[in-house]
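Novice: let me see the structure of the following:
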Amino acid sequence: MTRALIPLAKGFEEIEALAVVDILRRAEIEVVLAGLLPGPVTSARNVSINPDTTIDTVSADVFDIIILPGGQPGTDNLNADPRIHALLNEFSDKEKLIGAICAAPIVLAASGLLKGKKVACYPTYRDQLNGGIYEDSPVVSDGNITTSQGAGTAIQFGLTITALLAGQPAAEKIAKAMLVQDSLPGIWNPALFSSIIEALLGALELQDGYSQGQARRVAEYTLSIGAKLSLSKTEMRDLYLGAMLHDIGKYNTAEEILNKPARLNLREETLTREHTMKGTLFIVGITSLSHIGPTILHHHEHWDGSGYPGRLKGEQIPLHARIVAIADAFDAICTNRSYRDGLDRQSALQELVKKKGTQFDPFLVDVFVNCLSNSPFEMKDFSYYFS
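Specialist: Numbering: from 1, shown residues only. Model (predicted):
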């Protein structure tokens, strides 16, 4: 049976602990509450909870995940206990899942687990992440670590963890039973939202013949990678949006530059590279799209730091941007361009493999090679992820 461990310290945040317990138990996941000391534990608002056991009796060997609730002084009490740090490192060494919400990610930071990781936390703790990369998102999963912002995101946090432990269908079933509304802010009408994206890309395709169907293909490739990575439904939707709109900044790039049959000169190349920033500026003020700005801005960064516009390196590059970079490059290599013919699929894959560790995230290239021949997605229309 799947088992989750939730340590409780005096001053924990009630919603962040108990909402997660409720959701996980609805999914028939065994949840064990462990106090730092024997006896009841009092929450931040004086609710008394009797834990199932104490922290001295537990081991990572018999659990699939450890989840730290936030709240104060609960978080500081967890952080001051060396047994918590020992447990966190044990879970990490065994490559098991780790979760933390609100202020609690700083406990992970103090254990040295967040370096290079994308992290959500209560905003006032964003400067205490010890190398973690703060993201202003309700829930963020990076590798084996899932973090969340606070009490208001506790249900989404619990559902994300449920999806990781029991699968996405189980999480969606529970969300439906709990009447949880769609978590992507600002989707006022799925069909209208889909139509706006279609109109934006249609305008771009009128200007740049090469882009005909390119966004759809890139979206399909990226969703294949996302599926292999077991990304949550919300992350898959954001990945879809970023892939569909990654080149929207080309809308005002001169057609003669986009379709030039010869190599671009320095000025033309500079103008072309501006499309990442233009695309980001284009969507940054749109409530339902602004959160995908990093994907659009950084999809031409290189793993070795030689890309643009920020010369980001390795895992400094947002995960979705790294995924789109591989899908975009693969499609470009396979497609006939004004200045060269496209390669066949196998030759294109060989080109990607050659650039593992230099242009592309080597792990993600391996994932793409593995999943390309068996993609579960067929992009029939723009409403795929809004139905």
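Novice: domain-wise, how is this protein divided?
Specialist: 3-177, 190-386 (automatic domain parsing).
Novice: least reliable of those by average pLDDT, please.
Specialist: Confidence, taken as mean pLDDT, is least for domain 190-386 of these (a mean of 78).
Novice: if we can go back for a sec, just put the domains of the chain in JSON lines and tack on mean neighbour count.
Specialist: Backbone N, C-alpha and C define where each C-beta goes, glycine included. As requested, those are exported to JSON lines (neighbours: other C-beta atoms under 10 Å):
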{"stretch": "domain 3-177", "mean neighbour count": "20"}
{"stretch": "domain 190-386", "mean neighbour count": "18"}
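Novice: next one: phi and psi at Ser148?
Specialist: Main-chain dihedrals, Ser148, degrees, to the nearest 10: phi -150, psi 160.
Novice: got it, and the one 10 residues further on?
Specialist: Comment: the main-chain dihedrals of Gly158 come out as phi -60, psi -40, following degrees, to the nearest 10.
Novice: over to Ile65?
Specialist: Dihedral angles (degrees, to the nearest 10) for Ile65: phi -160, psi 150.
Novice: bridging residues for it?
Specialist: Ala4, Leu97 (DSSP bridges).
Novice: how close does it sit to Ala151?
Specialist: To Ala151, Ile65 is 20 Å away according to C-beta to C-beta, to the nearest Å.
Novice: which ones are touching the spatially closest residue to Gly242 that is not a sequence neighbour?
Specialist: Leaving aside its sequence neighbours, Gly242 sits nearest to Thr295 (C-beta to C-beta, 6 or more residues apart in numbering; 3.1 Å). Thr295 sits next to 238-239, 241-243, 246, 318, 320-321, 324 when contact means C-beta atoms under 8 Å, 6 or more residues apart in numbering.
Novice: one more time with 6 Å, if that's ok
Specialist: By C-beta atoms under 6 Å, 6 or more residues apart in numbering, the contact set of Thr295 is 242, 320-321, 324.
Novice: which one of these is nearest Phe282?
Specialist: Nearest to Phe282, judged by C-beta to C-beta, of these is Gly242 at 13.1 Å.
Novice: so the closest one sits against Ile292, correct?
Specialist: Yes: if you go by C-beta atoms under 6 Å, Gly242 and Ile292 touch, sitting 4.4 Å apart.
Novice: which element, helix or strand, includes Ala163?
Specialist: Using DSSP states H and E, Ala163 sits within helix 154-166.
Novice: got the contact list for the following helix or strand past that helix?
Specialist: Using DSSP H and E, the helix or strand that follows helix 154-166 in sequence is helix 168-177. The contact list for helix 168-177 (C-beta under 6 Å, 6+ apart) reads 26-27, 159, 162-163.
Novice: returning to that earlier point: distance check, the residue nearest to Gly242 against Val119.
Specialist: The gap separating Thr295 from Val119 is 18 Å, by C-beta to C-beta.
Novice: also Gln214?
Specialist: Taking C-beta to C-beta, one finds Gln214 at 33 Å from Val119.
Novice: try Asn265
Specialist: 42 Å.
Novice: how about the strands in the chain?
Specialist: Using DSSP state E, the strands of the chain run over 3-8, 30-35, 41-42, 48-49, 53-54, 65-68, 97-101, 118-119, 133-134, 139-142, 145-148.
Novice: adding distance to Gly307, write the ones you listed out as TSV.
Specialist: TSV is the format used below for the strands of the chain (distance: least, C-beta to C-beta, whole Å):
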stretch	distance to Gly307
strand 3-8	39
strand 30-35	43
strand 41-42	49
strand 48-49	49
strand 53-54	50
strand 65-68	35
strand 97-101	30
strand 118-119	19
strand 133-134	17
strand 139-142	20
strand 145-148	26
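Novice: so which of those strands gets nearest Val353?
Specialist: strand 139-142 (24.6 Å).
Novice: measure Arg216 to Ile225 for me?
Specialist: Counting by C-beta to C-beta, the gap from Arg216 to Ile225 is 15 Å.
Novice: scratch that, Gly74 is what I was asking about
Specialist: Distance, Gly74 to Ile225, using C-beta to C-beta: 37 Å.
Novice: now do Arg25
Specialist: Counting by C-beta to C-beta, the gap from Arg25 to Ile225 is 32 Å.
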